[in-house]
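Visitor: how does the following fold in three dimensions:
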Amino acid sequence: MQRVELSLGGMTCASCSTRIERKLNKLDGVQATVNFATEKATVSFPDSLGPDQLIETVEQTGYSASLDAGETEDKPDNGPLVRLAVSAAFAIPVVVLGMVHALHFDGWAWLAFALTTPVVVWGAWPIHLATVTNLRHAAVTMDTLITVGVLAAYGFSVVGLFTGAAENYFEVAAGVTVFILVGRYLEHRARSGAGSALRALLELGAKDVAVLREGTEQRVPIDSLRAGELFVVRPGEKVATDGVVESGASAVDASMLTGESVPVEVTEGDSVVGGTINSSGTLTVRATVVGADTQLAQLAKLVADAQAGKAKVQRLADRVSAVFVPAVIVLALLTLGAWLAFGGSVDEAFTAAVAVLIIACPCALGLATPTALMAGTGRGAQLGILIKGPQVLESTRAVDTIVLDKTGTVTTGRMRVVEVSGTPETLRIAGAIEHSSAHPIARAITEHATRELGELPEPADFRSLDGLGVSGTVDGERVLVGRPALLAEHEIEVPAELGEAMDTAQASGHTPVLVARQDKAIGVVTVADTVRPEAAGAIESFRALGLSPVLLTGDNERAARTVAAAVGIPEVIAEVTPAGKVETVRALQQRGRTVAMVGDGVNDAAALAGADLGLAIGTGTDAAIQASDLTIVREDLGAVADAIRLARRTLAIIKGNLFWAFAYNICALPIAALGLLNPMIAGAAMAFSSVFVVTNSLRLRRFS
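Guide: Numbers count the residues shown, from 1 in each chain. Next up, the predicted model:
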């Protein structure tokens, strides 16, 4: 399967996006999602098809399409504003004359006719053009309702003017057109604002870079930088791409990327992320990845993918929009017939029918979800929170239990060796064999051994034993390093003095690591982790959200309970293997609990994927991030609570939007059909409904 994004043109309402989506999905093997707010289609298609066929299908539906080039800038287009201003200048005198009878003079209707004609013909031309295009494809949309209503009012008035047989409605034709133009202009501005956070994120990257080539520094466009090259970052400049500091020391401001306002100190060997700003010293950095592989690009892609999706509640709105316009046309005809059948005048029947046509607005339904999703995910990106898709919003509402991995999540994950017991060879052997492991405890032991002893021997036959430890060969001798269960599995007895060292470590909340050589236990390396300073406050935030915290770890019971007591977690599940973590999550679910899992390591990935809601601390592994539903880019457990609150708030805004959009139509259509609504007021109300939905969504931009 291949995947592309198409930029769409010509869509004017939710019915348009529904038609395009339905047409694309009729192609064999195609899965398409069309987003009215972003004017994009995300399409997965088999190898037997090509992008040209997808574009052709969209064009056959009556709209334009092109491959999305990833442009981030909105090109200024003053055409709609000019059309609105000129139309308003002509329409205002017509509305005043039509509404204020004291201003009527001989021949005023002819002046109204002269002023209304350019508004109806030129001002509403884009609407009429869309109507004709859709009719050529046997389809009706919101534009059809507006065209029929405006032309009916205008035509009825012209006939009355020339025959003197009826009242004129020039003010309705001109006023409705202007209100529609105002609504669409404000709607476009508001929709553009909803996507501003993503555009800011995409524009964060550097435009050029000072690269070192052949011993000289050259300023080149960012596109020409290659992985492995050295580049220089001076104070105040953006880091061009992800890399590792080769020389220099500085503080890097990553606030736009992580939401964290405090600059991070970096020096030789530390990683830096493209798009962050160098605050102080000069750095020489070796590029590790460039282009679409950078963390900034991946983050932006995750946000864009999330904005392209649809929540379950939006699917209902799409189905309603698909049948709404034909139903409104039928209702308008029934209204006209009913008024005439029950003795109403032609003027009364006409006014009621036109009001029905004008007041109907499926646009608000189509905008309810995507604009809120754009604003919510965009604000999340600014705060260092990535929401992977609209389905995640539904999950956050139901979660009642939050399971937290200990190391790297509740604690910093920066382990340090605090004591070594046993023979002099204990640290040397442990450091050598752990060198091949990526586990935080292994790194701590290796770094301490290297610092204390210098060069370590090369291990052979290295094996990682899930949740137990590691094994291998050092100096030709078989070595085991890990938990007591690992030695018990190999029937290796632990001497009393080493057992006491283990008990002492566990009583202090530390983690003892046993070392065995040639089937004999020779020592214990004790390591300790530190609790994150924000962890206790985060646990309180979880409780305030109605979540019961559970600490889950592969570490020993005493160490786990020491950490749990420090942060206020009553429920602890310790000494669990990676497979056991999945089983624990499953067991909680079987007890009727809806589980969120927070983790950061490879051994958390399966549990993250199996939970009802997976949250990864973004400083962890790619496997954990890929398996999660929400990713926290910065090292802050408190941001997990922020992420859940933001997701819940976004879902609440979506549901509020849909309620008001449905309620508006349910209430307004009967009022219009009963003749209690002036068509011009109906036009203003219709325009307001879309603007209201989008403006309501933009409140998410102020989330903190």
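Visitor: surely L480 is within a helix?
Guide: No: under DSSP: H, G, I helix; E, B strand; the rest coil, L480 falls outside any helix and is assigned strand.
Visitor: so what's it up against?
Guide: Counting by Cβ atoms under 8 Å, 6 or more residues apart in numbering, L480 makes contact with G469, V470, S471, L486, L487, H490, I492, L514, V515, A516. Quick note: C-beta positions are derived from backbone N, CA and C, even for glycine.
Visitor: any idea what it is bridged to?
Guide: S471, A516 (DSSP bridges).
Visitor: and I573, by the same measure?
Guide: Under the criterion used (DSSP bridges), I573 bridges to L552.
Visitor: isn't it right up against P549?
Guide: No: contact criterion Cβ atoms under 8 Å: I573 and P549 do not qualify, at 11.6 Å.
Visitor: distance check, the nearest residue to A375 once chain neighbours are set aside against A663.
Guide: Of all residues not flanking A375 in the chain, L700 sits nearest, at 4.0 Å (Cβ to Cβ, 6 or more residues apart in numbering). Distance of L700 to A663, computed by Cβ to Cβ, to the nearest Å: 21 Å.
Visitor: okay, these two: which has more neighbours?
Guide: For L700 versus A663, neighbours defined as other Cβ atoms under 10 Å are more numerous around L700 (24 against 11).
Visitor: what backbone torsions are found at that one?
Guide: Phi and psi for L700, reported as degrees, to the nearest 10, are phi -70, psi -20.
Visitor: quick check: it touching L373?
Guide: No: contact between L700 and L373 fails when scored by Cβ under 8 Å: they sit 9.3 Å apart.
Visitor: shared neighbours of these two, anything?
Guide: In contact with both L700 and L373: T650, using Cβ under 8 Å, 6+ apart.
Visitor: how about the strands of the stretch 101-250 of the chain, start to end?
Guide: Applying DSSP state E, counting those that start in this stretch to the stretch 101-250 of the chain gives strands spanning 208-213, 216-221, 230-233, 243-247, 250-253.
Visitor: among those, which is nearest F688?
Guide: Closest of those to F688 is strand 250-253, at 41.7 Å (criterion: Cβ to Cβ).
Visitor: for that closest one, which strands pair with it and how are they oriented?
Guide: strand 264-266 (antiparallel), strand 277-278 (antiparallel).
Visitor: most neighbours per residue, which of those?
Guide: Comparing the strands paired with strand 250-253 by mean neighbour count (mean count of other Cβ atoms under 10 Å), strand 277-278 ranks first with a mean of 22.
Visitor: coming back round to it: which of I573 and P549 has more neighbours?
Guide: More crowded of I573 and P549, by other Cβ under 10 Å: P549, with 22 against 17.
Visitor: now for that one, which secondary structure element holds it?
Guide: Assigning secondary structure by DSSP states H and E places P549 in strand 548-552.
Visitor: other SSEs contacting that strand?
Guide: strand 401-405, helix 535-544, helix 557-567, strand 571-573, helix 578-590 (3 or more Cβ pairs under 8 Å, 6 or more residues apart in numbering; DSSP states H and E).
Visitor: low-confidence ranges in the stretch 1-150 of the chain?
Guide: Filtered on pLDDT under 70, the stretch 1-150 of the chain yields the residue ranges 13-14, 37, 69-77.
Visitor: now with 80?
Guide: 12-15, 35-38, 68-79, 138-142, 145 (pLDDT under 80).
Visitor: all the helices of it, residue numbers only.
Guide: 14-25, 51-60, 79-99, 108-118, 125-136, 142-163 (DSSP state H, counting those that start in this stretch).
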